[in-house]
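> Need coordinates for the below:
(chains A and B)
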Amino acid sequence: AQKITQTQPGMFVQEKEAVTLDCTYDTSDPSYGLFWYKQPSSGEMIFLIYQGSYDQQNATEGRYSLNFQKARKSANLVISASQLGDSAMYFCAMRESPGTGRRALTFGSGTRLQVQP
Amino acid sequence: NAGVTQTPKFQVLKTGQSMTLQCAQDMNHNSMYWYRQDPGMGLRLIYYSASEGTTDKGEVPNGYNVSRLNKREFSLRLESAAPSQTSVYFCASSQGPITGELFFGEGSRLTVL
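Predicted coordinates:
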């Protein structure tokens, strides 16, 4: 089974509008972390936001917020007031079992966001 | 502010040739990783090293070997390249036990003919 599922291969949004990128995850670990990364056309991976499984509040970082619904196992990224520079590929990722020492992230297949003027 | 440095950035190989991708980080991180990125498949873990002196297989290790040379350096070797190994390769490092994000290199684009 897929550990991270991003069901939207591509999304369009008008400049200045908000957009939600979907992410669902699958884990039986009680302790885990969820991450979002941005990959612009230049190719680098840029860390955006992090949510811990025990965090009581949804994470926010500037225009980025993470809509964390633990019971539904979803961790959707919300970008407010979209800008042309937000056009990129967005990846959701999860870290499980930190106690074992393995700190690798498992990534979803990504969502390509295009912001239209 | 070097962060994670990968070399080379581009490489073209013929089937059966060997090569090594080099990665170095200057953030004193314990953990390092190699991922490959293919269209429509996100990033998949090839190998990781939780600390100096240890390496473990990830999701797609076949056809690759790694060496954690010291705390800073983690290399990925293709002993006999195959067209299926055409991909973009990313090295990354991290420090924190759970909250620590991965810091990525700029990627290395490898084409195997």
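
> what's near enough to touch the residue nearest in space to the middle of chain B?
Nearest residue to the geometric centre of chain B (C-alpha atoms, centre = their mean): B:Trp34, 2.7 Å. Residues in contact with B:Trp34 (C-beta atoms under 8 Å, 6 or more residues apart in numbering or on different chains) are B:21, B:23, B:45-48, B:58, B:64, B:66, B:74, B:76, B:89-92. Bear in mind the C-beta positions are built from the backbone N, C-alpha and C, glycine included.

> What of A:Ala59?
So A:Ala59 contacts A:49-51, A:65-66, A:68 (C-beta under 8 Å, 6+ apart).

> residues from chain B in reach of chain A?
For chain B, the contact set with chain A under C-beta under 8 Å from any C-beta of the partner chain comprises B:31, B:33, B:35, B:40-45, B:48, B:50-51, B:56, B:58, B:88, B:90, B:92, B:94, B:96-104, B:106-107.

> what helices or strands is the worst-scoring helix or strand of chain B on mean pLDDT leaning on?
Every helix and strand in chain B was compared by mean pLDDT, DSSP states H and E; the lowest is strand B:56-57, with a mean of 92. Contacts defined by 3 or more C-beta pairs under 8 Å, 6 or more residues apart in numbering or on different chains; DSSP states H and E place strand B:56-57 against strand B:43-49.

> Now do the strand it packs on, average pLDDT.
Per-residue pLDDT over strand B:43-49 has a mean of 94.

> Can you give the contact residues for that strand?
Contacts for strand B:43-49 (C-beta under 8 Å, 6+ apart): A:45, A:91, A:93, A:102-107, B:31-38, B:55-61, B:64, B:66, B:68, B:74, B:76, B:89-90.

> on that earlier part again, which residues does the residue nearest to the centre of chain B form beta bridges with?
Bridge pairing for B:Trp34 (DSSP bridges) gives the partners B:Tyr47, B:Cys91.

> can you pull the pLDDT of it?
pLDDT for B:Trp34: 97.

> one step back: any chance of a PyMOL selection covering the buried ones in the residues of chain B next to chain A?
One line in PyMOL is enough to select the buried ones among the residues of chain B next to chain A; burial here means 16 or more other C-beta atoms under 10 Å in any protein chain shown:
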select buried, chain B and resi 31+33+35+42+43+44+45+48+50+58+88+90+92+94+98+100+101+102+103+104+106+107
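
> just to revisit the earlier point, out of the contacts of B:Trp34, who's nearest A:Gly85?
B:Phe90 (21.7 Å; C-beta to C-beta).

> Isn't the closest one up against B:Gly105?
Yes: if you go by C-beta atoms under 8 Å, B:Phe90 and B:Gly105 touch, sitting 6.1 Å apart.

> residues shared between the contacts of these two?
B:Gln6.

> which residues are contacting the least confident helix or strand of chain B?
By C-beta under 8 Å, 6+ apart, strand B:56-57 touches A:102, B:47-50.

> Now distance to A:Asp29 too, for the residues you listed, in TSV please.
What follows is the contacts of strand B:56-57, written out as TSV (distance: C-beta to C-beta, whole Å):
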residue	distance to A:Asp29
A:Arg102	11
B:Tyr47	22
B:Tyr48	18
B:Ser49	22
B:Ala50	17
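
> Which residues are in contact with B:Phe90?
A:45, B:6, B:34-37, B:43, B:104-105, B:107-108 are the contacts of B:Phe90 under C-beta under 8 Å, 6+ apart.

> what pLDDT does it get?
98.

> Please tell me how far it sits from B:Gly100.
Separation of B:Phe90 from B:Gly100 (C-beta to C-beta, to the nearest Å) stands at 17 Å.

> what do you get for A:Gln39?
19 Å.
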